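1. Sequence and predicted structure are below.
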Amino acid sequence: MASTFLLVGGNYIEPHKQTIMELHKDRTIIASDVSNGRDGIGVEIYRNDVLLVEVFRDDTKKTRTVTLWKQDLPLELIEESIETFKREIPWDFID
């Protein structure tokens, strides 16, 4: 089961009011994931409709991870992704 909140240009968008085709090409999606051995919440960073970075807090494993979906990403994008994660996702793990 997953919950999704869209953060585009600093504004949250209700997913049921907007289809995937209408989404901004450069966007941040805040999503929870409780599947495939994961249980937590994170941010997904898209540029030109391509998922590039995921920063995820796993409450079961008590870890925070960064996944790069493409090689050779600019350092600025990685730093921005981590800052967005720190700003939007509570730091403390949930038991």
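-> Here it is on my side, so go on. Residues are numbered from 1 along each chain as shown.
2. Count residues in the vicinity of residue 38, would you?
-> Counted with other CB atoms under 10 Å, residues neighbouring residue 38 total 17. To be clear about C-beta, it is placed using only N, CA and C from the backbone, and glycine gets the same treatment.
3. quick one: contacts for it?
-> For residue 38, the contact set (CB atoms under 8 Å, 6 or more residues apart in numbering) comprises 56, 58, 60.
4. Going along the chain, name the helices of the protein.
-> Taking DSSP state H as the test, the helices found in the chain are 75-88.
5. any weak-confidence spans in it?
-> The chain contains residues with pLDDT under 70 at 1-23.
6. at 80 instead, please
-> Within the chain, the stretches with pLDDT under 80 are 1-24.
7. isn't residue 25 right up against residue 49?
-> Yes - Residue 25 is in contact with residue 49 according to CB atoms under 8 Å; the separation is 4.9 Å.
8. what pairs with the residue nearest to the spatial centre of the chain across the strands?
-> With distances taken as CA atoms, centre = their mean, residue 43 lies nearest the centre of the chain, 1.4 Å away. In this entry, residue 43 is beta-bridged to residue 30, residue 55, by DSSP bridges.
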